[in-house]
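S.K.: Below: sequence and its predicted model.
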Amino acid sequence: MNGIATLVGVIADWNDNHMWGGGGWGWFAMTLMMVFGAAMIGLVVWILARGGQSRRPDGIENARSILAERLARGEVTPDEYRERLQHLQ
């Protein structure tokens, strides 16, 4: 019986000195894991939030693109293209 009591005492002493008591790595590791977990959650939320917003050109960029396409198709002359492009700026 004395051997079991000694073993329980050693285990209890190890837990006190290496986990929560004694100022070991327990608190540091737990804090580090919490910070890492919060950073991972924040990263996932950020990625999901940015993923919903595709890169769309604004109105003027879109109009310039359409005007350039019309010039390429021959629907407007180069003079008309330059004139309309000046109105967009």
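M.R.: Received, thanks.
S.K.: Where do the domain boundaries of this protein fall?
M.R.: Per automatic domain parsing, the domain ranges recorded for the chain read 2-51, 59-88.
S.K.: Could you give the average pLDDT over the longest helix along the chain?
M.R.: Longest helix in the chain by number of residues, with DSSP state H as the criterion: helix 25-51. Computed over helix 25-51, the mean pLDDT rounds to 87.
S.K.: And for stretch 82-89?
M.R.: The pLDDT scores in stretch 82-89 average 86.
S.K.: So what touches it?
M.R.: Residues outside stretch 82-89 that contact it (Cβ atoms under 8 Å, 6 or more residues apart in numbering): 60, 63-64, 67, 76. C-beta here means a position set from N, CA and C on the backbone, and glycine is covered the same way.
S.K.: Please indicate which of these are buried?
M.R.: Using 16 or more other Cβ atoms under 10 Å as the burial test, these include 67, 76 as buried.
S.K.: if we can go back for a sec, in CSV, list the C-alpha atoms belonging to the helix or strand that the longest helix of the chain is followed by.
M.R.: Once the chain leaves helix 25-51, the next helix or strand it forms, by DSSP states H and E, is helix 59-73. Extracted in CSV, the C-alpha atoms of helix 59-73 (Å, rounded to 0.1, in the frame of the first residue of the first chain):
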residue,chain,number,x,y,z
GLY,A,59,-18.1,52.1,-63.7
ILE,A,60,-15.4,54.2,-65.5
GLU,A,61,-13.1,51.2,-66.0
ASN,A,62,-16.0,49.2,-67.3
ALA,A,63,-17.0,52.0,-69.7
ARG,A,64,-13.4,52.3,-71.0
SER,A,65,-13.3,48.6,-71.6
ILE,A,66,-16.5,48.6,-73.5
LEU,A,67,-15.4,51.6,-75.6
ALA,A,68,-12.1,49.8,-76.4
GLU,A,69,-14.0,46.7,-77.5
ARG,A,70,-16.3,48.8,-79.7
LEU,A,71,-13.2,50.4,-81.3
ALA,A,72,-11.7,46.9,-81.8
ARG,A,73,-14.9,45.7,-83.5
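S.K.: Thanks again, I'm all set now.
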